[in-house]
Structure formats: structure tokens, C-alpha cells
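A.B. asks: following is a predicted model, sequence given first.
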Amino acid sequence: MPYLKLSGACLAYGHVPLLDHADFLLDPGERVALIGRNGTGKSSLLAALAAGNGKGRLDDGEVWVQPGIRVGYVPQEPAFDAAQTVFATVVSGMGDVSALLAEYHAVSHHLADDGSDREALLARMDALQHELEARGAWSFEAQAERAIARFGLDPEAVVGALSGGQKKRVALAQALAIAPEVLLLDEPTNHLDIAAIEWLENLLIESGVTLLFITHDRAFLDRVCTRIVELDRGRLASFPGNFSRYQERKDAQLHEEALANARADKLLKQEEAWIRKGVEARRTRAVFRVQRLDHLRAERQARRERMGRASLQLDAGERSGKLVAELLHVSKSYGQRRIVRDFSARLQRGDKIGLIGPNGAGKTTLLRLILGELVPDAGTVRQGTKLEVAYFDQFRTQLDPDASLADVISPGSDWVEVGGARKHVIGYLEDFLFAPERARSPVRSLSGGERNRLLLARLFARPANVLVLDEPTNDLDIETLELLEQLLQEYDGTLFLVSHDRTFLDNVVTQTIAAEGDGVWREYVGGYSDWVACRNAASAPADATAATRADTRPVKALARSRADRLSWKEQRELEALPERIAALEAEQADVAGRLADPGLYQRDPPAAQQAAARLATIEEELLALLERWEALEARTGNGA
């Protein structure tokens, strides 16, 4: 029996139908991803399912939820009471006992204060304990505390003082605290850093909860979902498997649809030409063709075309100097907190640099140091010449909510100049998928994805040879993401990209600056996957060396004591193995140390490739020697 069922759902805003007699089932154990273009109604559909049984937020149709199951829901922008504590917010989703739990937690906290009226507090706590026990609510408190601890939150922190990432964690903790059988998540990865996203992936997979979620994070989709449901032109289409399998099947489906539409259009054109010549007789055949023409016209009128692709253009303007910025032993601290410590780098024109690190690591601070907006506490920063910087702000503070879309793009003018060509602002907005009638609409009427598109349109309307993008992927649909990737790959200016989208980083950047704790930043070649591989390669030799050194002396003694149980040749081989392994480990550590130097990739790329190949060969040789050592030791043990 399914957990959730949607039957004949219809929903429209204005003249645009978002749901057109859509049907959907969610079975136990599924992890279903709901995808589609911005503005197609995904969030509205999720909200309708979260509202529960009945028509709810739909214009027509019905939502059915299996009786007795608990449904947790995390909207895209959760609304919290800014004055509440984290604990009170998390338990607020537990129904009528939430107020009792929040008060009990507050009383317990106040009892620890020296100046509190302990007798009154103890009396109130006793009353609350009896009431909670009568309602069987103690398990609810334990669930809330586990959820808060699982997300690393401070239960006494005030929600209004939290960052965007911490508020998202509070929303997830609130949903999980009720121990739901079904979890509905709208953009759960927004505002989370990469480590938190990977942690959330593991949590959702290991928990076994039935899941329906909206996301445009392709790596998250590939890892988590077992089925993809696409909302396209009001209908829901199901594709089993992960995102990679969906892409293959969707491409084939769109190709077949295009061929069918082309055949229908060709037939309609032929019949229109025939009818214009005039019907010569009222024969049965002629009547049939007239009826078929009416049918073809009705079908063509009812056909809903796919939303067009955004047409993005980016003008790099005048070329900057070859040097964009040079940092020598730069350090920056705020009080006792070190943000950047002894960082050096030389950044050149055309570099596409990704900044990776947890929330609060100081990515924005490092960017401001590079661009000369901040003065370092120590070290020197030298900027290049002819720099024209354009900045994309993840919080969209550059957008006035009361301004019209046209005024945001070109204040006081109806024209915008892009790439040397003059274009009307309405036509320019159409390139970013904004209908002409919306050009005078206020910014506040836009969805999150549409605001991101508008900010990109504003950014690209001005020439810039240095582009700074701070979380540009939030809320953008997958098609626009892929188009933006292609645009940035072809951009011949310098790019600084802050993003937690692992696939986007891999597809765009050529080098990475990563936070490694305590103000330490290091430069690596390649994108996110390359950084992970390099970090693992650098840490593995140290671990292996430490473990082997700890075992070397006792193994040498063991080899000598048992040498008489092997042949003479095998005895000599066993005695020589520790030294051979130690020599390889020393070489491994040396090669890994050279690869950890980002300057090697700039000074001598062939040497860097040779070193990486040698590191892989050493690992294979070490594995073979360790296996041989184990085999010889096993034989000596069997002969004892």
C-alpha cells in the first residue's frame, strides 16, 4: 500500500497550469527526486502533499495519505520565530505537547542559574513532569534531543542569530524529531557546505526513511535517489534509477517527441494547403479530411511546448593584465580567530579558481583579500592592472525588492549593451526566460530561482574581466546550471567561484583553493574530485608509514626467529622485505610531498604528471610486497 497518493491534481497560477490532472504514488522505502524547470510548480506540489488528505492547496484533484503515518516536511525557506531557542523550534512540530516540552526544557535551564527562584521552578517542573508523563511525551523529548545532537546544534541558541546553513539544519532536525515514516524535503542542500551535504546524504540513505525531495544538486541526486519524477508542462513522468539513467532516457524521449511533433506539423501544413484550394465535392473522403484537419488544429493548439532555454552571454570586456593578484605570506585574523594564515599564491588572467571550505571558514574574507577590499594583518597583496570586477552575491542584496525587473537590468534606460551590441531590455530579459509582461513586475514577485536568473542577467549586462560568483547555483534548475557551466567554460576572463555544488565545481574550475583548518589554505590543480583525490593521496602515505614503522622491528625479529622454517632463498627474501618496504614508503612520502606543492603544476606540468604516475606505481608495488610478506609470515606460522 502506498504512503502517499496524488490523483487528478490540477493547479494553476494565472493562465499557466502548473499541474494538469497529475497522478503520483510514493511507496514505502522509495527515495524519489522531484525535478523540473524553475516555476513549473515543484514546491507547490510538495506543499500540497504535506498539507495531507483532501483537496488542500489544489484547484482540483485529491491527496491521500495512509492513515497513521507521520510526515515530516522541510520547505525551501522555513519560517521560524526568530526569538525562539533551537530546542523550542525543533519540538514545535510535535503537536499539542510542544509547548509543554519547550517550557520543561526552559525551566531545566533556568534551574542552573544561581539567581533563580528554585522553589517555584522545582514546583513548576514537577507539574510539567506529571503532565508530560500523562501524555506519554518523554520519548518526544528524547527524539528532539537526539535530532539536535545529530545536527550539531546548540539547543539554547536563538534561531534569529543563526546562519542560513544552521537554520536549514534546524528545519531538518525539526522534521526528523517526529521520527517520520515519510520525509518531504524542498532543496535540502541549499546553504549547507560540502561536508554537511555528504553527511546528509549518508543520513538519508542509512535511515531507511521514505523520501520525496526537490534538489538541483546532481551529485546528491545520483547518490540518494532511487527514482526520478519529472514535472514537465503540468504532467508527472517517472524514471527509475538515479540522475545519470534519467538523462539517458530523457534525451531519447525528447528526441521521439520532437520527431512526432515534426510529423504532426508537416501533416497539418499539408492539410491546410489542401483546404485552401477548396473542397471540390462533398464526398466521404473530403468530409473525413476536413474532420481530420479540425482534429489536427485542436491538437496543435492544445500542445504545450517545452520552456525555452535561457540565452546567456557574458562580455569579458577589455583584457586585464597577465597578473590578477599575487599574495605573499598573507595572514588575517578577527580577534583570536585566524581566518588566513601565511597564504601565498600567484593568480593569473584566465584562471578559473574554486574556493572550497566549510561555512564560516573565511572564503569571502579570502576573496576580499585577493580583490584588495581588505587589508591583511601581515604579508602583502599585489593586484594586477585593468581589473573590471563583477560580483554575484549569494544573498541577493544587490536586488531591490521594490524595483522592477527592467530597472534592475538597466536603470533609467530601455536599452542594454552586451558584447558590443545594443539590445532592448525586454528582449534581453526574454533571453533569461522572463516573459515581456513581467518586465515591469517588482523583484519581490519572483521565486528564488528567478531571482538568481535576474541577478545573473544584471551581472552579465556589464563587461567584466574578473567574475566573482558566490553560490550562483542555489535554486537554479538543472538545464540553466548546465548552460551556465558551458558559458563559464568559454569565458576568457578570470573566475572566482564559491560553491558547494560538487558537479558544478568539477565542470568549471581549473584550480582549487581549499580551507584545511586553523586558517590554512592550500592551492590544488583541478576541481572538487581532484582535490579529494589529492588530499587522500597525501594522507594515505603518512598513515601507512606510521603503521609500518610501528611494526618493522618486531617483524624483523620474528623473521629471524622463524627463518629456519623457510627455504634459504625465502629466508633472505623475508629478511629483506622490511627494508624494501621502508625504502618505498620513504619515496612515497617524498613524491606525495612534491605533489602537495601547487607550484609544481604551474612550473613543470610534465613533472607533476610523472610524479602522480610514480605515486600510483609505488602504491601497487607496496601492496604486492605487503601481500608477499603476509604470505611468508603465514607459512612460518603454519610451520610452528
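C.D. replies: Structure received. As the structure is a computational prediction, the values presented were derived from the model and not from experiment.
A.B. asks: now do the strands in the stretch 151-300 of the chain.
C.D. replies: Secondary structure of the stretch 151-300 of the chain by DSSP state E, counting those that start in this stretch: the strands cover 182-186, 210-214, 227-232, 235-240.
A.B. asks: which among those is found nearest to P401?
C.D. replies: strand 182-186 (21.5 Å; CB to CB). For glycine as for every other residue, the C-beta is placed from the backbone atoms N, C-alpha and C.
A.B. asks: tell me how far the closest one lies from the chain's centre.
C.D. replies: 16 Å (CA atoms, centre = their mean, to the nearest Å).
A.B. asks: against which helices or strands is that strand packed?
C.D. replies: Where contact means 3 or more CB pairs under 8 Å, 6 or more residues apart in numbering; DSSP states H and E, strand 182-186 is packed against helix 42-51, strand 71-74, helix 164-176, strand 210-214.
A.B. asks: so what touches the second one?
C.D. replies: For strand 71-74, the surrounding residues in contact (CB atoms under 8 Å, 6 or more residues apart in numbering) are 4, 46-47, 49-50, 52, 65, 93, 171-172, 174-176, 178, 180-186, 188.
A.B. asks: now list the buried members of the residues you listed.
C.D. replies: Buried by 16 or more other CB atoms under 10 Å: 4, 46-47, 49-50, 65, 93, 171-172, 174-176, 178, 180-186, 188, out of the contacts of strand 71-74.
A.B. asks: looking at the helices and strands packed on strand 182-186, spot the one closest to P401.
C.D. replies: Short answer: helix 164-176, nearest of those by CB to CB, at 17.8 Å.
A.B. asks: just for the stretch 301-450 of the chain, where's the confidence low?
C.D. replies: Within the stretch 301-450 of the chain, the stretches with pLDDT under 70 are 301-315, 393-398, 419.
A.B. asks: cool, and the stretch 1-150 of the chain?
C.D. replies: Residues of the stretch 1-150 of the chain that meet the cut-off, pLDDT under 70, sit at 14-16, 55-56, 95-96, 112-116, 135-138.
A.B. asks: would you map the strands across it?
C.D. replies: 4-13, 16-26, 31-35, 60-65, 71-74.
A.B. asks: next one: the shortest one to chain centre, how far?
C.D. replies: On the basis of CA atoms, centre = their mean, the separation between the geometric centre of strand 71-74 and that of its chain is 20 Å.
A.B. asks: Provide the strand pairings for that strand, with the direction of each partner.
C.D. replies: Strand pairing for strand 71-74, determined by DSSP bridges: strand 182-186 (parallel).
A.B. asks: once you drop chain neighbours, what's closest to L626?
C.D. replies: I581 (7.0 Å; CB to CB, 6 or more residues apart in numbering).
A.B. asks: does the one you found count as helix, strand or coil?
C.D. replies: helix (DSSP: H, G, I helix; E, B strand; the rest coil).
A.B. asks: could I get the helices and strands packed on strand 182-186 as CSV with distance to L595?
C.D. replies: CSV is the format used below for these (distance: least, CB to CB, whole Å):
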stretch, distance to L595
helix 42-51, 43
strand 71-74, 41
helix 164-176, 32
strand 210-214, 38
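A.B. asks: do you know how far the closest residue to H191 other than its chain neighbours is from E156?
C.D. replies: Leaving aside its sequence neighbours, H191 sits nearest to G164 (CB to CB, 6+ apart; 3.8 Å). G164 sits 20 Å away from E156, going by CB to CB, to the nearest Å.
A.B. asks: before we move on, what about A607?
C.D. replies: 54 Å.
A.B. asks: same deal with E141?
C.D. replies: In terms of CB to CB, E141 sits 15 Å off from E156.
A.B. asks: the two: who's more crowded?
C.D. replies: E141 (19 against 12; other CB atoms under 10 Å).
A.B. asks: excluding chain neighbours, what is closest to the more buried one?
C.D. replies: L101 (5.4 Å).
A.B. asks: that neighbour against F140, yeah?
C.D. replies: Yes: contact criterion CB atoms under 8 Å: L101 and F140 qualify, at 6.2 Å.
A.B. asks: of the two, who's got more company?
C.D. replies: More crowded of L101 and F140, by other CB under 10 Å: L101, with 24 against 21.
A.B. asks: gap between the more buried one and L481?
C.D. replies: For L101 relative to L481 (CB to CB), the value is 41 Å.
A.B. asks: check Y246 too.
C.D. replies: Y246 is 15 Å from L481, by CB to CB.
A.B. asks: which one's more surrounded, those two?
C.D. replies: Y246 (24 against 19).
A.B. asks: contacting residues for that one?
C.D. replies: I35, I228, E230, F239.
A.B. asks: now render the residues you listed as a markdown table, adding neighbour count and distance to S333.
C.D. replies: Below are those laid out as a markdown table (neighbours: other CB atoms under 10 Å; distance: CB to CB, whole Å):
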| residue | neighbour count | distance to S333 |
| --- | --- | --- |
| I35 | 24 | 43 |
| I228 | 22 | 46 |
| E230 | 19 | 49 |
| F239 | 20 | 50 |
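A.B. asks: out of the helices and strands packed on strand 182-186, which is closest to E585?
C.D. replies: helix 164-176 (39.9 Å).
A.B. asks: can you list contacts of the closest one?
C.D. replies: 72-75, 78, 80, 86, 89-90, 92-93, 144, 147-148, 150-153, 157, 159, 162, 183, 185, 188, 190-193, 196, 200, 359.
A.B. asks: the helices in the stretch 301-450 of the chain, which residues?
C.D. replies: With helices called from DSSP state H, counting those that start in this stretch, the stretch 301-450 of the chain shows them at 363-370, 405-409, 425-431, 448-460.
A.B. asks: okay if I get these as a markdown table plus distance to S499 and mean neighbour count?
C.D. replies: Output for the helices of the stretch 301-450 of the chain, formatted as a markdown table (distance: least, CB to CB, whole Å; neighbours: other CB atoms under 10 Å):
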| stretch | distance to S499 | mean neighbour count |
| --- | --- | --- |
| helix 363-370 | 10 | 21 |
| helix 405-409 | 23 | 21 |
| helix 425-431 | 23 | 19 |
| helix 448-460 | 13 | 21 |
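A.B. asks: so which of those gets nearest A538?
C.D. replies: The nearest among those, by CB to CB, is helix 363-370 at 21.2 Å.
A.B. asks: packing partners for that closest one?
C.D. replies: Partner elements for helix 363-370 (3+ CB pairs under 8 Å, 6+ apart): strand 323-334, strand 337-348, strand 352-356, strand 466-470, strand 494-498.
A.B. asks: following the last one, which helix or strand shows up next?
C.D. replies: Yep, that's strand 494-498 we're talking about. helix 502-508 (DSSP states H and E).
A.B. asks: many thanks, I have nothing further to ask.
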